[in-house]
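*Asks:* got a structure for you, letters missing:
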């Protein structure tokens, strides 16, 4: 009996040496809503990304990102309506493929990070939409101005966390806004008023 | 007569004010025959992988260069050649950015560029095309197919260049290119979402 654990340990050694962080052999997250456990979740900032896309002069799409989000999600899969999502994203996390533009975007002409360091989204209601999607309504605050906004959310995957003790959850989200409504009208209409937002959101159960 | 023209001008004014002032429009007729150069500042190669089945993780390459030779009378004979520097890789994680260029992943020291060179083009509906070509990443070349949608063309008011832009998608398995780190918990499959801007030479 002694020898079996030793053998197992020896067999495991090369794999462990190769990958100090013990990786599972298959992705633990599954896109099955039945895998969602009711509870309170915190945003996992390293794997939460907000991508935005605008039309540039009618020639092409230009994309950029925000990151370092924080916030909480209270979720009960049997009571979607009671979902509560609160997210804060620091504006100075913005990056595009142009460093010069990054500086411009946080300046007074656009997002004015000095006056408005964060964007926030606070949900007010949630309902089941088509194809298992969930429509999350809330108040989006950007550039110091708050307007109702809706995120269309799809479960990406749920499963046992590799980092914490509970569950990990991830979602794909989409939202569209007109930036002029938030007083960010620099370059409109040559650079589109409409901004398409594609969100990857990761959460860890608390 | 004067009064009539004046009245017409007044009537026309609101419509003119409403008209989209965009230099680019999705009219293929605006693309004239010739050689176009990649407009680096507005060309972005976004990538997306699946992270542990929990979420999508995205990043982007930039600094692309290359040419598109196109004759609208014979669009399937167009030729595209693009080079993207690996060191341009950007994600929301600085540590990962450095890891990605290392020998564990792209090994940009040995293989500084990714390239795509078209071999065949088939036109699809609604200003789309399938562009087949050879994709080289990490020193390995494989056939790949890009789904392309014409975004728009026109004169750029800044530099007066005839500019044409495209939206494109491509999917491949990174293990085919010898980049296998963390497969399969970080997906083998990579989706590229490309914004390609070109200026006529």
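*Replies:* Okay, I see it. Worth saying up front: this structure is predicted, and the values here are computed from it rather than measured.

*Asks:* longest strand of chain A?
*Replies:* For chain A, the strand with the greatest residue count under DSSP state E is strand A:145-160.

*Asks:* list the buried residues of that one.
*Replies:* A:149, A:150, A:151, A:152, A:153, A:155, A:156, A:157, A:158, A:159 (16 or more other CB atoms under 10 Å in any protein chain shown). All C-beta atoms are positioned from the backbone trio N, CA, C, and that covers glycine.

*Asks:* what about the helix or strand following that strand and chain B, touching?
*Replies:* Using DSSP states H and E, the helix or strand that follows strand A:145-160 in sequence is strand A:167-178. Yes. Under the criterion of CB under 8 Å from any CB of the partner chain, chain B is reached by strand A:167-178 at A:168, A:169, A:170, A:171, A:172.

*Asks:* next structured bit after strand A:167-178?
*Replies:* Per DSSP H and E, strand A:167-178 leads on to strand A:194-205 as the next helix or strand towards the C-terminus.

*Asks:* helices and strands around that next one, which ones?
*Replies:* Using 3 or more CB pairs under 8 Å, 6 or more residues apart in numbering or on different chains; DSSP states H and E as the contact test, the elements touching strand A:194-205 are strand A:39-43, strand A:49-56, strand A:167-178, strand B:55-61.

*Asks:* remind me which residues of the chain are low pLDDT?
*Replies:* Using chain A. Along chain A, segments meeting pLDDT under 70 span A:1-21.

*Asks:* oops, wrong one, chain B.
*Replies:* B:1-20.

*Asks:* quick one, helices of it?
*Replies:* B:2-18, B:94-101 (DSSP state H).

*Asks:* for chain B, longest strand please?
*Replies:* strand B:140-155.

*Asks:* is that one anywhere near chain A?
*Replies:* Yes. Using CB under 8 Å from any CB, strand B:140-155 reaches chain A at B:151, B:152, B:153, B:154.

*Asks:* and the gap between residue A:52 and chain B?
*Replies:* Using CB to the nearest CB, to the nearest Å, residue A:52 is found at 12 Å from chain B.

*Asks:* next up, the contacts around that residue.
*Replies:* A:63, A:64, A:65, A:66, A:195, A:196, A:197, A:198 (CB atoms under 8 Å, 6 or more residues apart in numbering or on different chains).

*Asks:* again, only this time at 7 Å
*Replies:* Contacts of residue A:52 were listed using CB atoms under 7 Å, 6 or more residues apart in numbering or on different chains, and they are A:63, A:64, A:195, A:197.

*Asks:* which non-adjacent residue is nearest the first one?
*Replies:* Among residues not flanking residue A:63 along the chain, residue A:53 sits closest, at 4.8 Å (CB to CB, 6 or more residues apart in numbering or on different chains).

*Asks:* also the second one?
*Replies:* With CB to CB, 6+ apart as the measure, residue A:96 is the residue that lies nearest to residue A:64, at 3.6 Å, once sequence neighbours are left out.

*Asks:* with residue A:91 instead?
*Replies:* residue A:113 is the one closest to residue A:91 (CB to CB, 6+ apart), at 4.5 Å.

*Asks:* what's the burial count for residue B:35?
*Replies:* By other CB atoms under 10 Å in any protein chain shown, the residues close to residue B:35 number 12.

*Asks:* oops, could you answer that again for residue A:181 instead?
*Replies:* Neighbour count of residue A:181, defined by other CB under 10 Å: 15.

*Asks:* that one and chain B, how far apart?
*Replies:* Counting by CB to the nearest CB - residue A:181 and chain B are separated by 19 Å.

*Asks:* distance of residue A:114 relative to chain B?
*Replies:* For residue A:114, the distance to chain B - CB to the nearest CB - is 22 Å.

*Asks:* so that residue is in which element?
*Replies:* Per DSSP H and E, there is no helix or strand for residue A:114.

*Asks:* for it, grab phi and psi.
*Replies:* Per-residue torsions, residue A:114: phi -60, psi -40 (degrees, to the nearest 10).

*Asks:* quick check: residue A:92 is in a helix.
*Replies:* Yes. Under DSSP: H, G, I helix; E, B strand; the rest coil, residue A:92 sits within a helix.

*Asks:* what about it, neighbour count?
*Replies:* 15.

*Asks:* pull up the gap between it and residue A:191, please.
*Replies:* Between residue A:92 and residue A:191 the computed distance is 21 Å (CB to CB, to the nearest Å).

*Asks:* residues from chain B in reach of chain A?
*Replies:* B:20-25, B:41-42, B:44, B:46, B:50-58, B:60, B:62, B:90, B:92-93, B:151-152, B:154, B:156, B:163, B:165, B:167, B:182, B:184-185, B:195-197 (CB under 7 Å from any CB of the partner chain).

*Asks:* now the buried members of these.
*Replies:* For the residues of chain B next to chain A, buried by 16+ other CB under 10 Å: B:22-24, B:41-42, B:44, B:46, B:50-58, B:60, B:62, B:90, B:92-93, B:151-152, B:154, B:156, B:163, B:165, B:167, B:182, B:184-185, B:195-197.

*Asks:* thinking again about what came up before, could you export the contacts of residue A:52 as CSV, including neighbour count?
*Replies:* Formatted as CSV, the contacts of residue A:52 follow (neighbours: other CB atoms under 10 Å in any protein chain shown):
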residue, neighbour count
A:63, 19
A:64, 21
A:195, 19
A:197, 17
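
*Asks:* and which of those residues is nearest to chain B?
*Replies:* residue A:63 (5.8 Å; CB to the nearest CB).

*Asks:* beyond the helix or strand containing that closest one, next helix or strand please.
*Replies:* Element membership of residue A:63, judged by DSSP H and E, is strand A:60-66. Per DSSP H and E, the first helix or strand lying C-terminal to strand A:60-66 is strand A:70-75.
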